[in-house]
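Participant: Provided below are the primary sequence and the corresponding predicted coordinates.
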Protein chains: 2
Amino acid sequence: MATTSSATTPAAEAASAAAPPPPMLDLTIDNITPNTIRINDQAADARLRYLMARLVTHLHDFARETRLSTREWMAAIQFLVATGQICSDVRNEFILLSDILGLSLLVDNIDHPKPPGCTEGSVLGPFHTHDAPTLANGAAMSTDPDGEPMLALCRVVDPAGRPVPGVKVDIWETDSSGHYDVQHADRTAPSERCVMVSDDDGRFWFRGIKPVPYPIPHDGPVGKLLQRLGRHCWRPAHVHFMFEKEGWDHLITALYLRGDPYETSDAVFGVKKSLVIDLARVDAATAATYGVPENAWLLEQEFVLVTKDETEQLRDRNAVTALKDLGLRMKLVDHLPVPDVD
Amino acid sequence: MATTSSATTPAAEAASAAAPPPPMLDLTIDNITPNTIRINDQAADARLRYLMARLVTHLHDFARETRLSTREWMAAIQFLVATGQICSDVRNEFILLSDILGLSLLVDNIDHPKPPGCTEGSVLGPFHTHDAPTLANGAAMSTDPDGEPMLALCRVVDPAGRPVPGVKVDIWETDSSGHYDVQHADRTAPSERCVMVSDDDGRFWFRGIKPVPYPIPHDGPVGKLLQRLGRHCWRPAHVHFMFEKEGWDHLITALYLRGDPYETSDAVFGVKKSLVIDLARVDAATAATYGVPENAWLLEQEFVLVTKDETEQLRDRNAVTALKDLGLRMKLVDHLPVPDVD
């Protein structure tokens, strides 16, 4: 006989972890959740047990609170299948789905908390690739003749303002039509994307184009969902940056142009005030120094990285506080919470 | 500025539905949920608004309670992509995922409640197809020479025991190797599946084979998940039945063989005591009547259907009770709950 207790709290889940799964018969609306959790508790990994227990609880509670119909369930199944089927090497519709549901922003905020004064994170989005060429400082990363030329002069520093050299910086943006290179069927090589390395003074600089607002891909299941939700699919103009160096917290961020029509309604919730910037114009001296046209757009930015240790400590502190506020008795193992059953 | 209230209860969501979405800037762990709900509340359809509000709340609560890491999030994204990519016209890995998480069972129980004495439902599974041939009563629905012959003598009745004629009955089972026809790459035509229609006395009968236990497809993402969870992937021997007739509640069910090694540990939670049956042996008279070998297996079963009206009334009553118990103030529109904001 199936267990009939309603163990849907994390504490109850943890307590039941050791018991062998009961016979699975006559499962009902009321007992399916604790029984599914019990079966999954055969997993060896405590973190996986916790993730699955919470997943099953939320999934089942969702169905119970909405009295989900078979027809709606089937529509959801078909939506998920379609979302998976449109994915390719250069398109990830599930990341897009996570983005428009606010999950990507949330996970980044949880995993990469920032001390005051450090550069905030933003959403990765589905268009980062691993084939961007590594370019020398000063190189052009755009091949688009229709883009408005933009010189970017950037610097990577630590919270004390000291340069951080040798940082691998991934940079990507759309072309002037609002499309990433991978969205063009005839793409033969990467464009509007590159990898640079900060120099001894923490500096990196490149020639790109002024970013433009663009719609996220809306010809797939996520676009159809946005339409049914009465939401637009636009992102404000931005350039993506990703920073990697051993010992420093991985930073995924973007810079947004002030005054963009979508500045306060980004379809994927990525905009933070501290990441909204004004472009200037290149003066004659700068134009001569960097070999760009005078009066081209100029982006100047200092990025402040935080060490991996400091981020980990901050994340751990935030986790302990949040879980306590949620009334959950947890311990951190490898910096991730699992039920504290001892 | 983003709203900072933490509107995660259905009542609060409903109350906020009318307001225009606020500017979306500086979204945080604490305010992303109400803001995402506000944006989605632009949807015209009240039921969709409610479904999305609860989905977003549970998705975000899951991330907050688990302090989901970027790495785990990416593993989940990759799992979902792989699950979608393995789907085909004859394989639905998302239904399989729903099955092993207990969601399919739960939704069927919510949507198709059964009054006492009526045949209970079971999981549809991912192997129903729409190309099964309609066969006359008495026909063979299996072409497998290795299967143990089984005669099935069935009848469809109403709760008062009166025959229900003209019911379309979908029947499907595996071959003797434990595979559905669609799992064979060289499948050219349907086998071990058919559609029959109950006669004036509510009867339908066919020649099949004794069902065998089989593993659900475990060469894909769902199989890998089961393995990591320490769960086996077996289903006890069963035959699927699906009943359709205008005015009667759609019944998806299955009959399970008593004594099967997986009778109490079905990987997809489908077994109910009332659906566990004993096979008998065909006697000489029956063998002569139906043209089957004497001593072949005999399955005899009466299926009790319930009217659509009665199911709807029961579902509505269950919904009202459940939502009240959950403390949710809801009304039913087209038999599905939406927040009652009047």
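Facilitator: Ah, there it is.

Participant: Angles on the backbone of the residue in the stretch 101-250 of chain A positioned nearest to chain B, please.
Facilitator: Residue of the stretch 101-250 of chain A nearest chain B, by CB to the nearest CB: residue A:230 (3.4 Å). All C-beta atoms are positioned from the backbone trio N, CA, C, and that covers glycine. The phi/psi pair for residue A:230 (degrees, to the nearest 10) reads phi 70, psi 20.

Participant: Kindly provide the whole-number mean pLDDT of stretch A:66-79.
Facilitator: Across stretch A:66-79, pLDDT averages out at 97.

Participant: Stretch A:319-332 close to chain B?
Facilitator: Yes - under the criterion of CB under 8 Å from any CB of the partner chain, stretch A:319-332 makes contact with chain B via A:319, A:322, A:323, A:326, A:328.

Participant: Is the first one in a helix, a strand, or coil?
Facilitator: Local secondary structure at residue A:319 is given as helix here, using DSSP: H, G, I helix; E, B strand; the rest coil.

Participant: Count the neighbours of it for me.
Facilitator: 20 (other CB atoms under 10 Å in any protein chain shown).

Participant: neighbours around residue A:287, how many?
Facilitator: Residue A:287: 17 neighbours (other CB under 10 Å).

Participant: And for residue A:301?
Facilitator: For residue A:301, the count of nearby residues is 15 (other CB under 10 Å).

Participant: same deal with residue A:184?
Facilitator: Neighbours of residue A:184 using other CB under 10 Å come to 13.

Participant: follow-up on the earlier one: now the residues of stretch A:319-332 next to chain B as CSV including secondary structure and pLDDT?
Facilitator: Shown next, in CSV, are those (DSSP: H, G, I helix; E, B strand; the rest coil; pLDDT from 0 to 100):
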residue, secondary structure, pLDDT
A:319, helix, 94
A:322, helix, 91
A:323, helix, 90
A:326, coil, 87
A:328, coil, 86
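
Participant: Could you single out the nearest of the residues you listed to residue A:241?
Facilitator: Of all the residues of stretch A:319-332 next to chain B, the one with the least separation from residue A:241 (CB to CB) is residue A:319, at 26.5 Å.

Participant: residues contacting the closest residue to the residue of the stretch 101-250 of chain A closest to chain B other than its chain neighbours?
Facilitator: The shortest distance from residue A:230 to any non-neighbouring residue, by CB to CB, 6 or more residues apart in numbering or on different chains, is to residue B:42 (3.4 Å). Residue B:42 makes contact with A:229, A:230, A:231, B:21 under the criterion CB atoms under 8 Å, 6 or more residues apart in numbering or on different chains.

Participant: Now intersect those with the strands, please.
Facilitator: When DSSP state E is applied, the contacts of residue B:42 are split such that none fall in strands.

Participant: returning to that earlier point: now the residues of stretch A:319-332 next to chain B as a markdown table including distance to residue A:110?
Facilitator: Formatted as a markdown table, the entries for the residues of stretch A:319-332 next to chain B read as follows, by distance: CB to CB, whole Å:
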| residue | distance to residue A:110 |
| --- | --- |
| A:319 | 8 |
| A:322 | 9 |
| A:323 | 12 |
| A:326 | 13 |
| A:328 | 15 |
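
Participant: Please, where are all the helices along the stretch 1-150 of chain A?
Facilitator: For the stretch 1-150 of chain A, helices defined by DSSP state H, counting those that start in this stretch occupy the ranges A:10-15, A:32-40, A:46-66, A:70-85, A:93-100, A:103-111.

Participant: mind checking which of those helices is nearest chain B?
Facilitator: helix A:70-85 (0.9 Å).

Participant: before we move on, the earlier item: quick one: buried ones out of the residues of stretch A:319-332 next to chain B?
Facilitator: Neighbour counting with 16 or more other CB atoms under 10 Å in any protein chain shown marks A:319, A:322, A:323, A:328 as buried within these.

Participant: Out of those residues, which comes closest to chain B?
Facilitator: Set against chain B, the nearest of those by CB to the nearest CB is residue A:319 (4.6 Å).

Participant: Skip the chain neighbours and tell me the closest residue to the closest one.
Facilitator: residue B:67 (4.6 Å).

Participant: hang on, that neighbour packs against residue A:321?
Facilitator: No - applying CB atoms under 8 Å, one finds residue B:67 not in contact with residue A:321, separated by 10.8 Å.

Participant: ok, those two, which is more surrounded?
Facilitator: Between residue B:67 and residue A:321, residue B:67 has the larger neighbour count (other CB under 10 Å), namely 23 against 10.
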